[in-house]
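Novice: Sequence isn't available, so here's the structure alone:
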């Protein structure tokens, strides 16, 4: 829905990469540019979203902001690469949701961004002794948010549950992608609080209109 989920910064995709592509609303074609909301207009917004999504910690986000202020041209380039990846990821997972084959060009963009980030990533151990991806002194790399989204996308692509990726129809005004984690894979909407509620209201209104039309003059 235009200006609803996106304007609230809601995370309904179920996977980092899907929340990343859902930073544009609506995703449906045919809307005038001024009617489309982009939550990531610049690098600062990318870092803010990454912190909200749990992609980076508050301390890493702070260092990324400082680095962006120190190297504004590099930050603009990093932002452009992030947006290019975002659009490739949308086309990849939209194709999967529609049971189509993703374009090779988009897959190449994904692999290039993952490879570029992997050279700067590291493995860290948390307080519980579990290993995971970490950044340490590499946190000044402006591509950290982009690489995290690429890694999430690759994790999903090789998952045996890839078929649970779906595209929200809304009322022809959404197009967001989400991972259906429901028990019987019956989820239809990106969010029941937004698109789901609107759809149910529309159904009730249509039924009410049909019932009024179907009444005989004597019964009115």
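Specialist: Looks like it came in fine. What you are looking at is a predicted structure, and each value in this text was computed from that prediction instead of being measured.

Novice: which helix is the longest one in this structure?
Specialist: Assignment by DSSP state H gives helix 72-97 as the longest helix of the chain.

Novice: Which other helices and strands does that one contact?
Specialist: Applying 3 or more Cβ pairs under 8 Å, 6 or more residues apart in numbering; DSSP states H and E, one finds that helix 72-97 makes contact with helix 16-21, helix 43-52, helix 58-70, helix 104-118, helix 144-157, strand 165-167, strand 177-179. Every residue, glycine included, has its C-beta placed from N, CA and C.

Novice: and among those, the most buried is which?
Specialist: helix 16-21 (a mean of 26; mean count of other Cβ atoms under 10 Å).

Novice: Give me the distance from that helix to the chain's centre.
Specialist: Taking Cα atoms, centre = their mean, to the nearest Å, one finds helix 16-21 lying 3 Å from the centre of the chain it belongs to.

Novice: Same check on stretch 142-150?
Specialist: Distance of stretch 142-150 from the chain centroid (Cα atoms, centre = their mean) equals 13 Å.

Novice: tell me the average confidence for the longest helix of the chain?
Specialist: Mean per-residue pLDDT for helix 72-97: 97.

Novice: same question, stretch 107-118
Specialist: In this model, stretch 107-118 has a mean pLDDT of 93.

Novice: what does that stretch rub up against?
Specialist: Here stretch 107-118 makes contact (Cβ atoms under 8 Å, 6 or more residues apart in numbering) with 81, 84-85, 88-89, 92, 141, 143-144, 146-148, 150-151, 153-154.

Novice: just for this structure, where's the confidence low?
Specialist: Residue ranges of the chain with pLDDT under 70: 1-9, 134-140, 194, 196-220.

Novice: want to try CSV for the helices and strands packed on helix 72-97, with distance to residue 192 as columns?
Specialist: Output for the helices and strands packed on helix 72-97, formatted as CSV (distance: least, Cβ to Cβ, whole Å):
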stretch, distance to residue 192
helix 16-21, 17
helix 43-52, 21
helix 58-70, 30
helix 104-118, 30
helix 144-157, 22
strand 165-167, 14
strand 177-179, 11
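
Novice: Let me know which of the ones you listed is the nearest to residue 29.
Specialist: Closest to residue 29 of those is strand 165-167 (Cβ to Cβ; 12.5 Å).

Novice: Can you say which of the helices and strands packed on helix 72-97 is nearest to residue 96?
Specialist: Going by Cβ to Cβ, the one of the helices and strands packed on helix 72-97 nearest residue 96 is strand 165-167, 5.2 Å.

Novice: Remind me what the closest one packs against, helices and strands.
Specialist: Applying 3+ Cβ pairs under 8 Å, 6+ apart, one finds that strand 165-167 contacts helix 72-97, strand 177-179.

Novice: now with 10 Å?
Specialist: helix 16-21, helix 72-97, strand 177-179 (3 or more Cβ pairs under 10 Å, 6 or more residues apart in numbering; DSSP states H and E).

Novice: Strand partners (parallel or antiparallel) of that strand?
Specialist: Using DSSP bridges, the strands paired with strand 165-167 in its sheet are strand 177-179 (antiparallel).
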